[in-house]
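> Quick one, what's the 3D model for this:
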Amino acid sequence: MIDSDVRIDLETDGSYFDWAAVIAGSFIAAAISTVFLTFGSALGLTLTSFKTGEEYPVTGLVIAGAIWLLWVQVSSFIGGGYIAGRMRRRIGDAKPHEVEIRDGAHGLTVWAVGIVFGSLLAGWLALSGVSGSAPTASMLSTDYYVDKMLRSDVAAPSNSISDNSQVSRALTQAALAKTVSDADKTYLVQQIATRSGLSAADSEKRLSETITTLRAQAESTRKYGIIIAFLTAASLLISATAAWWAAISGGKHRDDAVDHSHLTRWS
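Next comes the predicted model:
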């Protein structure tokens with residue numbers, strides 16, 4: 001039943017889509033997510049704040065962070081979708097089912113706008129100097145193991161940065177490949193023996209241990225990447241459904257003239 005005070009514009013020449021309501025809902029969703037993410041960052045509930053180590057259950061932390069991000073996404077898009085549905089101007093004497101579809105479409109568009117602009121922002125940051133000026137985590141890990149692999153207890157001749165870069169690239173290739181080429185293995189063993197003072201046998205053993213460690217790290221990164229990607233995709237689908245449902249609820253409250261003024265009164 002539509003309340004008699006609800007105004008319905010019977011003009012059908014205009015667009016059925018109300019971009020003003022969508023934009024308002026998108027800003028509301030962005031504001032809610034910003035507030036929640038700020039609180040989560042303060043509590044260490046973001047994936048970027050995770051620290052790895054034996055004392056940290058990495059899998060549990062990744063899942064906990066993903067659940068938190070799911071809650072943030074769903075909550076923000078519920079708020080944005082509701083605003084879009086509640087503020088949408090009804091046009092035409094549509095049947096109840098058609099009204100729900102139009103309201104839900106506005107909520108889904110709020111979700112789409114948020115996802116698209118969020119992806120563009122993330123891509124821009126990745127290409128900008130903010131993130132591009134810093135070395136990646138994988139490069140830092142490789143450089144560390146290069147230094148550790150070439151470490152010596154006795155004084156050794158100084159080596160240029162370019163020498164370390166060649167060793168780093170060869171070590172990375174050896175860690176990523178299933179097998180190490182004879183040429184790379186010979187080169188790396190020679191570098192270790194020359195710069196650390198170890199025997200050929202000990203140098204080869206140190207190289208083997210380093211490659212094994214790096215391969216284990218790469219495999220762990222791949223597994224966590226799959227988990228994060230799956231949970232991210234699931235959260236996007238759930239938040240899309242939430243935005244659709246919230247917009248339909250907002251539209252019903254609009255048509256039924258539901259009064260929420262008690263939520264804004266102090267007494």
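
> which intervals of the protein have sub-threshold pLDDT?
Applying pLDDT under 70 to the chain flags residues 1-14, 43-59, 62, 93, 125-126, 128-148, 150-163, 262-267.

> How about the spatially most central residue of the chain: what's its closest non-neighbour residue?
In the chain, the centroid-proximal residue (C-alpha atoms, centre = their mean) is Thr232; its distance is 7.0 Å. Of all residues not flanking Thr232 in the chain, Ala66 sits nearest, at 7.3 Å (C-beta to C-beta, 6 or more residues apart in numbering). (Each C-beta comes from the backbone N, C-alpha and C, glycine too.)

> Pull up the gap between that neighbour and Arg90, please.
Per C-beta to C-beta, to the nearest Å, Ala66 is found 38 Å from Arg90.

> what helix or strand does Thr34 sit in?
Using DSSP states H and E, Thr34 maps to helix 19-43.

> now the longest helix belonging to the chain against helix 19-43, angle please.
When the chain is parsed with DSSP state H, its longest helix is helix 200-255. Angle between the axes of helix 200-255 and helix 19-43 is 140 degrees (criterion: axes from the mean of the first three to the mean of the last three C-alpha atoms, to 10 degrees).

> Let me see the contact set for the closest residue to Leu214 other than its chain neighbours.
Nearest residue to Leu214, sequence neighbours excluded (C-beta to C-beta, 6+ apart): Ala175, at 3.7 Å. Residues counted as contacts of Ala175 (C-beta atoms under 8 Å, 6 or more residues apart in numbering) are 142, 211, 214-215, 218.

> Neighbour count and distance to Leu236 for those - can I get that in JSON lines?
Formatted as JSON lines, the contacts of Ala175 follow (neighbours: other C-beta atoms under 10 Å; distance: C-beta to C-beta, whole Å):
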{"residue": "Thr142", "neighbour count": "21", "distance to Leu236": "33"}
{"residue": "Ile211", "neighbour count": "20", "distance to Leu236": "37"}
{"residue": "Leu214", "neighbour count": "19", "distance to Leu236": "33"}
{"residue": "Arg215", "neighbour count": "15", "distance to Leu236": "32"}
{"residue": "Ala218", "neighbour count": "15", "distance to Leu236": "27"}
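
> Among the residues you listed, which one sits closest to Pro96?
Distance to Pro96 across the contacts of Ala175 (C-beta to C-beta) is lowest for Ala218, with 55.4 Å.

> hang on, the earlier thing: which strands and helices sit next to the longest helix of the chain?
helix 58-87, helix 96-127, helix 137-149, helix 161-176, helix 182-196 (3 or more C-beta pairs under 8 Å, 6 or more residues apart in numbering; DSSP states H and E).

> Let me have those helices in a markdown table, adding distance to Ser261 as columns.
Putting the helices and strands packed on helix 200-255 into a markdown table (distance: least, C-beta to C-beta, whole Å) gives the following:
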| stretch | distance to Ser261 |
| --- | --- |
| helix 58-87 | 14 |
| helix 96-127 | 22 |
| helix 137-149 | 51 |
| helix 161-176 | 62 |
| helix 182-196 | 73 |
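
> right, and those - which one's nearest Ile248?
For the helices and strands packed on helix 200-255, the distance to Ile248 is smallest for helix 96-127, at 4.9 Å, taking C-beta to C-beta.

> Quote the end-to-end distance of stretch 88-95.
16 Å (C-alpha to C-alpha, to the nearest Å).
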